[in-house]
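Enquirer: Pasting the sequence and the predicted coordinates here, then a few questions.
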Amino acid sequence: MTQDIKRRKTRVVKVGTVCVGGAYPIAIQSMTKTKTSHVLETARQIRQLQDAGCEIVRLAVKDNKDAEAITKIKKLATIPLVADIHFDWRLALRAIECGADKIRLNPGNISAEAHIREVVQRAKKAKIPIRIGLNSGSIRKSGTQVKVMMESCCRYIRVFEKLKFYDTVISLKASDVRTTIEAYRRMAGICDYPFHLGLTATGSPFKGAVQSSIAIASLLLEGIGDTIRVSLTDDPVQEVRTARYILEALGLRRFGPRIISCPTCGRCQVDLVTIVKKLERALERSQMTRAFRIAVMGCEVNGPGEAMDADIGIAFGRKEGLLFKNGKPLRKVSLRESITVLLEEMRRMHD
Ligand code: SF4
């Protein structure tokens with residue numbers, strides 16, 4: 001019996017229609033990789049991200065055109081938009097005027113107190129939150145990265161609190177797993193603001209997914225983290241998929257059918273890799289929402305056991321498989337019809 005994860009007690013911050021912190025589900029975020037002022041392209045990518053399960057999306061605001069595009073994008077998007085601001089605090093002011101649901105400020109490149117104060121006052125008036133988004137790559141002071149990130153973050157918090165602004169979310173991202181974990185852990189000990197978890201500059205998709213999973217999952221298991229973003233040098237839809245897998249693996253969220261498949265070995269007599277990929281695509285298209293566990297196993301060794309534990313499953317032999325449902329063997333199905341049969345049986349259970 002696994003123990004429930006006891007989440008850190010945090011304030012609740014509202015980002016558009018999504019509540020972050022407290023006991024609210026850990027929200028999935030991603031970031032568009034289009035030029036924000038290219039409104040239609042950006043809106044299309046937001047739609048793709050939303051279809052994949054993204055709940056809050058961040059947009060790079062590099063200039064006034066990007067900030068002003070927010071007004072138009074808001075009319076085309078139905079998930080909250082976060083304006084990502086670096087260097088020029090005036091872009092935050094413009095993004096707020098144009099309807100951003102949240103602002104991300106980087107203390108590593110916006111440091112004048114007067115500028116921070118101006119953004120906070122406008123955000124307060126607009127009733128939108130601000131993320132203090134520390135990024136180890138933008139910090140140039142001497143000292144350990146964790147110490148410098150925390151000092152920088154605390155300085156921002158002091159300015160915010162002097163203005164009685166508490167709609168704050170915090171992120172402390174480094175490109176190194178252990179530094180990131182330590183920074184969040186230490187910050188968790190001194191404040192109750194919700195945290196946006198992530199690593200920065202993780203590298204290639206495979207390596208990035210592994211590194212992000214380790215850092216994010218380690219913190220989530222300790223109850224730390226209220227929203228997550230997996231950063232990958234890849235299509236942002238893959239970021240959202242990876243984020244979902246992390247939350248599902250920890251039992252923190254369920255997003256519909258989940259395939260449990262064996263790694264295959266010399267005993268496997270079917271092309272299980274292709275079968276699983278096809279099934280994954282078919283499930284995505286089916287838009288089934290129930291959290292089925294589907295076991296797809298390569299042979300009779302662990303196959304029947306796993307398949308019987310799942311809601312539905314198949315343990316393959318040479319040219320056919322044994323179909324199981326709710327723990328009971330149902331019938332043999334041919335290799336060719338296996339995916340269709342699984343989907344039909346699930347639909348029956350779904351309706
Ligand atoms: S279920 Fe069978 S094919 Fe799959 S890994 Fe185990 S022994 Fe190998």
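Expert: Sure thing, it's come through.
Enquirer: right, and the secondary structure at the residue nearest to Thr36 when sequence neighbours are not counted would be what?
Expert: Computed as Cβ to Cβ, 6 or more residues apart in numbering, the closest residue to Thr36 that is not its neighbour in sequence is Asp66, at 3.9 Å. Where you see a C-beta, it was placed from the backbone N, CA and C, and this is true even at glycine. Put simply, Asp66 is helix when judged by DSSP: H, G, I helix; E, B strand; the rest coil.
Enquirer: Lys72 is in contact with Asp66, correct?
Expert: No. Contact between Asp66 and Lys72 fails when scored by Cβ atoms under 8 Å: they sit 11.3 Å apart.
Enquirer: Of the two, give the one with the bigger neighbour count.
Expert: Higher neighbour count among Asp66 and Lys72: Asp66, with 24 against 16, using other Cβ atoms under 10 Å.
Enquirer: Show me the strands in the stretch 251-351 of the chain, by range?
Expert: In the stretch 251-351 of the chain, the segments counted as strands under DSSP state E, counting those that start in this stretch are 258-261, 293-297, 312-316, 320-325, 328-334.
Enquirer: how about these in CSV, adding mean neighbour count and mean pLDDT?
Expert: What follows is the strands of the stretch 251-351 of the chain, written out as CSV (neighbours: other Cβ atoms under 10 Å; pLDDT from 0 to 100):
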stretch, mean neighbour count, mean pLDDT
strand 258-261, 17, 91
strand 293-297, 23, 92
strand 312-316, 26, 92
strand 320-325, 22, 91
strand 328-334, 12, 91
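Enquirer: and Glu280, how many neighbours does it have?
Expert: 16.
Enquirer: And Glu239, by the same measure?
Expert: A count of nearby residues for Glu239, using other Cβ under 10 Å, gives 28.
Enquirer: Hmm, Val230 and it touching each other?
Expert: Yes. The criterion here is Cβ under 8 Å, and Glu239 meets it with Val230 at 4.6 Å.
Enquirer: So for those two, which residues contact both of them?
Expert: Shared contacts of Glu239 and Val230 (Cβ atoms under 8 Å, 6 or more residues apart in numbering): Ser30.
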